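Colleague: Need a 3D model of the following:
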Amino acid sequence: MREKIIEGLEAHIQGKMYKHITNVHVLLEKPTGVAEHPDIVDTIESELSVLADCVDKLEVLNKFFK
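Modeller: Below you'll find the model as predicted:
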């Protein structure tokens, strides 16, 4: 059971990471196509913050619980 929970957490975190990586790629490639985000730099910084949080969580999960 422990392994399944850890695998689920890992998959969830990785999915969230890929979502925010994709968002940054879109913002970098087509910044004019995202009308609701007038300040692209702040929006990218926000995405990077969430991504960094995910990376930290994944590292902690792997270091202490695998």
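
Colleague: Now do the helix or strand hosting N23: distance to the chain's middle.
Modeller: N23 belongs to helix 2-29 when assigned by DSSP states H and E. Taking C-alpha atoms, centre = their mean, to the nearest Å, one finds helix 2-29 lying 5 Å from the centre of the chain it belongs to.

Colleague: swap in stretch 41-58?
Modeller: The answer for stretch 41-58 is 6 Å, by C-alpha atoms, centre = their mean.

Colleague: coming back round to it: if you count contacts, what does the next helix or strand after the helix holding N23 end up packed against?
Modeller: As assigned by DSSP H and E, the chain's next helix or strand after helix 2-29 is helix 40-65. Applying 3 or more C-beta pairs under 8 Å, 6 or more residues apart in numbering; DSSP states H and E, one finds that helix 40-65 contacts helix 2-29. Backbone N, C-alpha and C define where each C-beta goes, glycine included.
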